[in-house]
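Enquirer: What follows is a protein structure lacking sequence information:
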């Protein structure tokens with residue numbers, strides 16, 4: 001392998017990450033991964049799919065790992081960036097581990113999960129199935145990547161999904177909304193059944209990926225201690241009272257089990273729940289995604305000021321704003337500091353000069 005990353009760089013990433021999570025790093029974290037480096041290995045002879053669910057089970061997982069390696073060799077890692085690979089089967093894949101059908105859409109570039117049979121709330125059970133072919137495929141891919149990279153590359157936790165989002169797969173969503181009123185006890189049961197299954201998957205995958213330098217998720221913030229980007233997209237459609245009754249208890253319990261939990265705040269419909277989220281002592285930070293058709297993330301200063309005032313960390317994506325790499329400066333101006341922010345971004349080698357100037361401005365350089 002010819003991945004442009006040394007063991008010394010890994011130690012620097014770990015040290016700066018440790019300080020950032022503790023609130024002791026006096027600068028932001030900036031992860032910039034740029035493509036355009038010439039890889040040593042040849043291009044794999046199968047198509048690349050960011051969703052590994054798109055590959056037929058007849059495709060050996062080692063061939064998918066060939067693509068991981070090719071992509072990693074094609075990148076340069078600037079600032080606090082590091083080599084990582086994402087075994088990704090679609091958002092909320094725990095539903096597939098419970099028997100949901102998997103539907104791939106190359107035109108929409110996504111994967112959907114559907115129940116084989118819609119059952120009543122009382123009949124619905126969220127039970128992990130260790131014999132699920134999708135579960136076996138997930139573990140096989142992690143094992144193959146682990147064997148290939150031997151801890152030189154961080155393997156991201158696959159996108160397990162949000163708890164009630166998984167329940168909404170099986171009811172499905174519209175029925176679950178009625179269940180909140182008609183069968184609240186059943187919804188509470190489903191939330192905790194999902195919690196148990198989710199954590200089983202999280203723990204077992206981490207045991208398989210035991211050579212990982214640390215922990216990452218579908219949002220690859222590095223942490224030496226257990227981290228995940230938690231979410232509940234279903235809560236977009238409910239009010240604060242129902243959020244506090246059906247979502248918050250399980251979410252807070254997951255935060256207590258993680259050392260460095262973040263939350264994916266997805267769209268204006270979730271903003272009414274921000275105060276409740278910020279009240280969770282163990283929650284370390286918020287990722288705010290305004291969503292399609294909304295002003296980009298730099299246009300919500302009141303959101304960032306509230307998050308910062310609560311003592312929480314902030315994650316942003318460079319590519320989610322037309323300001324790109326300058327988005328960090330804008331958010332830092334809004335809250336009065338760049339400390340406690342992490343920006344993740346990708347690009348090509350053409351962005352290198354601009355990125356290096358940003359890194360120099362914030363004292364984010366490496367040898």
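Expert: Sure, I can see it. None of the values given here were measured: they were computed from a predicted structure.
Enquirer: Tell me where the model's unsure across this structure.
Expert: Residue ranges of the chain with pLDDT under 70: 366-367.
Enquirer: residue ranges of the helices in it, please?
Expert: Along the chain, the stretches classed as helices by DSSP state H are 7-21, 61-73, 94-97, 133-149, 163-170, 173-182, 184-208, 240-242, 248-257, 274-278, 301-309, 327-335, 352-361.
Enquirer: Next, format these as a markdown table and append distance to residue 41 and mean neighbour count.
Expert: Glycine gets a C-beta too; all of them are placed from N, C-alpha and C. Shown next, in a markdown table, are these (distance: least, C-beta to C-beta, whole Å; neighbours: other C-beta atoms under 10 Å):
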| stretch | distance to residue 41 | mean neighbour count |
| --- | --- | --- |
| helix 7-21 | 21 | 17 |
| helix 61-73 | 6 | 19 |
| helix 94-97 | 31 | 27 |
| helix 133-149 | 11 | 19 |
| helix 163-170 | 37 | 26 |
| helix 173-182 | 43 | 16 |
| helix 184-208 | 24 | 17 |
| helix 240-242 | 51 | 13 |
| helix 248-257 | 39 | 18 |
| helix 274-278 | 43 | 17 |
| helix 301-309 | 42 | 16 |
| helix 327-335 | 34 | 19 |
| helix 352-361 | 23 | 15 |
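Enquirer: nearest to residue 79, of these?
Expert: helix 352-361 (4.8 Å; C-beta to C-beta).
Enquirer: Give me the helices and strands touching the closest one, please.
Expert: strand 29-35, strand 75-79 (3 or more C-beta pairs under 8 Å, 6 or more residues apart in numbering; DSSP states H and E).
Enquirer: Any idea which of those strands gets closest to residue 123?
Expert: Closest to residue 123 of the helices and strands packed on helix 352-361 is strand 29-35 (C-beta to C-beta; 45.0 Å).
Enquirer: Turn the helices and strands packed on helix 352-361 into CSV, including distance to residue 345.
Expert: Shown next, in CSV, are the helices and strands packed on helix 352-361 (distance: least, C-beta to C-beta, whole Å):
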stretch, distance to residue 345
strand 29-35, 5
strand 75-79, 9
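Enquirer: Go through the ones you listed and name the closest to residue 266.
Expert: Between residue 266 and the helices and strands packed on helix 352-361, the tightest spacing by C-beta to C-beta is seen for strand 29-35, at 20.6 Å.
Enquirer: what angle sits between that closest one and helix 61-73?
Expert: Interaxial angle of strand 29-35 relative to helix 61-73 (axes from the mean of the first three to the mean of the last three C-alpha atoms, to 10 degrees): 110 degrees.
Enquirer: neighbouring contacts of strand 29-35?
Expert: 16-17, 20, 74-82, 220-221, 318, 325, 328, 341-349, 351-352, 355, 358-359, 362, 364 (C-beta atoms under 8 Å, 6 or more residues apart in numbering).
Enquirer: just to revisit the earlier point, so for residue 150, which of the helices and strands packed on helix 352-361 sits nearest?
Expert: When these are compared by C-beta to C-beta, strand 75-79 sits nearest residue 150, at 18.0 Å.
Enquirer: Could you name the helices and strands sitting against the closest one?
Expert: With contacts taken as 3+ C-beta pairs under 8 Å, 6+ apart, strand 75-79 sits against strand 29-35, helix 352-361.
Enquirer: okay, the helices and strands packed on helix 352-361 in a markdown table with mean neighbour count next?
Expert: Shown next, in a markdown table, are those (neighbours: other C-beta atoms under 10 Å):
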| stretch | mean neighbour count |
| --- | --- |
| strand 29-35 | 22 |
| strand 75-79 | 21 |
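Enquirer: Noted, bye for now.
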